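Trainee: model the following, please.
(one chain, ligands or ions: 1)
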Amino acid sequence: MKYSELCQTYEELEKNPSRLKKIEILSDFLKKLKKEDNKEIIYLVKGKVFPDYSNKEIGISDKLVVKALSKASGLSDKEIINKWRKIGDLGKVSEDIMKVKKQHTLFSKTLNVEKVLENIRKLPELEGKGTIEKKMSLISELLTSANSLEAKYLIRTLLSDLRIGVSDGTLRDALVKACFSESELKEDKKEITDNVQNIYDTSSDWKQVFEKACKGVQAVKKTVLEPGKPIKVMLFLKENSISDGFKRVGKPALIDYKYDGFRMMINKDEKEIKLFTRRLENVTKQFPEVKEYVKEYVKGKTFILDAEAVGYDLMTKKYRPFQEISQRIKRKYDIEKLQKELPIEINVFDVIYYNGESLLNKPFKERRKIIEKIVKKEKFKIRPSEAIITDDEIKAREFYLKAIEHGEEGIMMKNLEAPYKPGARVGYGVKIKPEDNEFDLVIIRAEYGTGKRAGWLTSYTVACGDKDNLLEIGKVSTGLKEKESEGLSYKELTKKLKPLVSEEKGREVKVKPEIVVTVVYQNIQKSPTYSSGFALRFPRITRLRPDRSKSDIASLDEIKRDYLKH
Ligand code: ATP
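Mentor: The predicted structure follows:
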């Protein structure tokens, strides 16, 4: 397939903000893609070259792109940077440059999608001496065959910033429209869509979803669970009281501690143990001790466990807040030292695969029995989550107080009959915690401070999600510490945000939406100032969420619900 065909589709998608129109455009493209042998091209639709479960990142910096553009066009780095400052998007800059350049080029090869995939895929493999040159030559090879439109999207793909507003939900709907006939959809569009979503949630691989959908209605009914590949976790709802909790999940319910740690999916196949976060990142190397605990204290040939990793203090044996152990998730060096300083305990609260069998559709009470059978309780190493089963509100309340006293965030109440739904936020369980007024939001812009804080980004515009869009919901400048030793400081946040800056205007910068923070607020007001139509009053950043991405942030619906509640 010609790369220009894909780029035309990108272009149309960028120009049409309407979700319905995007679905139509994309489904037309997917109809063409159905005829191709190489279904991996679908990764490029979302600006990727690897499946979502893969840990590989293209990892090309703005600097390298500037260099490659300079090589391809003959312009100096400085000239390109100046254009970039003005336009704010290196993709657009390369389009403009190539337009001019192409007038002088008499001959260039047609670029096809396979070549784009091939070259970009080689980039993360390169290491050691001469890496930069090799990367440059792979990129230059593509750029020299590219027309201006292709250059625009090549660069955006390299920078993982496609800017065409296609979410997973839009891709799913387009895929359904492209792969199933009108009569099939008339019969049961919802079921087909749910099944397609299910395959994505259990495989995190659009190629697999597309291949199955091409085979028809029966093929998408079967999900494939495979230990070793990360799957999307099930998420829960929020309730304000224990009685509301019982109303939602039924009586009796299982109630367990809501640990203040981070989600860890523990996968064991015949050969090895792998650990994933809820962002599908492979963190096996960062947590060698967990592998040992699993080997020693969990029975079974193959399994997938859902768990919360929680830090504790070696001296006091008290649990520590997530913030204190979060650095272990990303750390690539000094692993052993950190392991000693910041030990974690694994609390297993679900099992979705055991000895060759998927347990997704087994009722939770049976899954819990399996946990208790296979996970040996070894305090401060690994254990089934602390839980009771009760229909008594007083007992539930006592357990809640015990959890808080213990330093936990609150409790989870769970429906004993429910299946496990990967990737969905469903009412099969609810969380109940004392401090309710907080949302995870993503930083989309920031402002440099003045005086003593000059040179540091000290005020942040945060956004919630609404399908394919990010909507602003306020500016936050409090909650952060002056000194890095005191906790999350604006200096630390500045260091994290600076590499993500995509545009600069005066003191304000626009950043790629990658940094998720928890924002506590007093209440929500309607506001014309922000694109969400709401503003948080007295917002305060309380922590960084390196385990979250922009797909995990609060949705506009949740904000509305909270607004109506207060
Ligand atoms: P939060 O920010 O409150 O942790 P969330 O959006 O990450 O919420 P939810 O599904 O709403 O996710 O809340 C449950 C979260 O709490 C899980 O994602 C998990 O990381 C954590 N957790 C801690 N203990 C448990 C438990 N016993 N059972 C399920 N989840 C637990």
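Trainee: from the chain's centroid, how far away is stretch 476-492?
Mentor: Stretch 476-492 has its average C-alpha position 24 Å from the chain's average C-alpha position, going by CA atoms, centre = their mean, to the nearest Å.
Trainee: now that stretch: buried residues?
Mentor: Of all the residues in stretch 476-492, those buried under the rule 16 or more other CB atoms under 10 Å are 476, 477, 479, 480, 487, 488, 489, 490, 491. Backbone N, C-alpha and C define where each C-beta goes, glycine included.
Trainee: cool, stretch 299-315 as well?
Mentor: Those buried within stretch 299-315 under the rule 16+ other CB under 10 Å are 300, 302, 303, 304, 305, 306, 307, 308, 309, 310, 311, 312.
Trainee: got the end-to-end distance for that stretch?
Mentor: For stretch 299-315, the first-to-last residue distance is 30 Å (CA to CA, to the nearest Å).
Trainee: from the chain's centre, how far out does that stretch sit?
Mentor: If you compare the mean C-alpha spot of stretch 299-315 with that of the full chain, they lie 21 Å apart, counting by CA atoms, centre = their mean.
Trainee: anything in that stretch near the ligand?
Mentor: Yes: figure legend: stretch 299-315 in contact with the ligand (CB under 6 Å from any ligand atom); contacting residues residue 308.
Trainee: quick one: secondary structure of residue 434?
Mentor: Look at residue 434: counting by DSSP: H, G, I helix; E, B strand; the rest coil, its state is coil.
Trainee: state the distance from it to residue 241.
Mentor: Taking CB to CB, to the nearest Å as the measure, residue 434 falls 11 Å from residue 241.
Trainee: what about those two, which has more around it?
Mentor: Neighbours of residue 434 and residue 241, each counted by other CB atoms under 10 Å, are more numerous for residue 241; the result is 12 against 8.
Trainee: pretty sure the more buried one contacts residue 432?
Mentor: Yes: if you go by CB atoms under 8 Å, residue 241 and residue 432 touch, sitting 7.2 Å apart.
Trainee: for the stretch 451-566 of the chain, which residue gets nearest to the ligand?
Mentor: residue 552 (6.3 Å; CB to the nearest ligand atom).
Trainee: cool, and the stretch 401-550 of the chain?
Mentor: Per CB to the nearest ligand atom, residue 412 is where the stretch 401-550 of the chain lies closest to the ligand, at 4.2 Å.
Trainee: quick one: mean pLDDT over the helix or strand that contains that residue.
Mentor: Secondary structure here is read from DSSP states H and E; on that basis residue 412 sits in strand 410-415. When the per-residue pLDDT values of strand 410-415 are averaged, the result is 97.
Trainee: what do you get for stretch 27-38?
Mentor: Model confidence over stretch 27-38, given as mean pLDDT, is 96.
Trainee: then stretch 231-240?
Mentor: 91.
Trainee: and that stretch, what's buried?
Mentor: For stretch 231-240, the neighbour count (16+ other CB under 10 Å) marks 231, 232, 233, 234, 235, 236, 237, 238, 239 as buried.
Trainee: ok, now stretch 244-261?
Mentor: Neighbour counts using 16+ other CB under 10 Å place 245-246, 248-249, 252-261 of stretch 244-261 among the buried residues.
Trainee: for stretch 395-406, same thing?
Mentor: The neighbour-count criterion (16+ other CB under 10 Å) identifies 396, 399, 400, 403 as the buried residues of stretch 395-406.
Trainee: for it, what is the distance to the chain centroid?
Mentor: Stretch 395-406 has its C-alpha centroid displaced from the chain centroid by 32 Å (CA atoms, centre = their mean).
Trainee: which residues of the stretch 101-250 of the chain lie near the ligand?
Mentor: For the stretch 101-250 of the chain, the residues in contact with the ligand under the definition CB under 6 Å from any ligand atom are 235, 236.
Trainee: what about the strands in the stretch 101-250 of the chain?
Mentor: Taking DSSP state E, counting those that start in this stretch to define them, one finds strands in the stretch 101-250 of the chain at 235-238.
Trainee: pLDDT below threshold where in it?
Mentor: Judged by pLDDT under 70, the stretch 101-250 of the chain has its weakly predicted residues at 102-108.
Trainee: which stretches of it form helices?
Mentor: If you assign secondary structure with DSSP state H, counting those that start in this stretch, the helices in the stretch 101-250 of the chain sit at 113-122, 131-145, 148-158, 168-179, 182-203, 206-215, 242-249.
Trainee: most tightly surrounded among the ones you listed?
Mentor: Neighbour counts (mean count of other CB atoms under 10 Å) averaged over each of those peak at helix 148-158, with a mean of 25.
Trainee: give me the contact list for that helix.
Mentor: Residues lying outside helix 148-158 but in contact with it, judged by CB atoms under 8 Å, 6 or more residues apart in numbering, are 3-4, 6-8, 10-11, 44, 47, 49, 58, 60, 65, 69, 89-99, 102, 111, 116, 120, 123, 139, 142-143, 146, 162-163.
Trainee: now secondary structure too, for the buried residues of stretch 244-261, in CSV please.
Mentor: Output for the buried residues of stretch 244-261, formatted as CSV (three-state DSSP):
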residue, secondary structure
245, helix
246, helix
248, helix
249, helix
252, coil
253, strand
254, strand
255, strand
256, strand
257, strand
258, strand
259, coil
260, coil
261, coil
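Trainee: of those, closest to residue 79?
Mentor: Nearest to residue 79, judged by CB to CB, of these is residue 261 at 49.3 Å.
Trainee: phi and psi next, for residue 345.
Mentor: phi -120, psi 140 (degrees, to the nearest 10).
Trainee: how close does the spatially closest residue to it that is not a sequence neighbour get to the ligand?
Mentor: In space, residue 345 comes closest to residue 380 once its chain neighbours are excluded; the distance is 5.1 Å by CB to CB, 6 or more residues apart in numbering. Plainly put, residue 380 is 16 Å away from the ligand if you go by CB to the nearest ligand atom, to the nearest Å.
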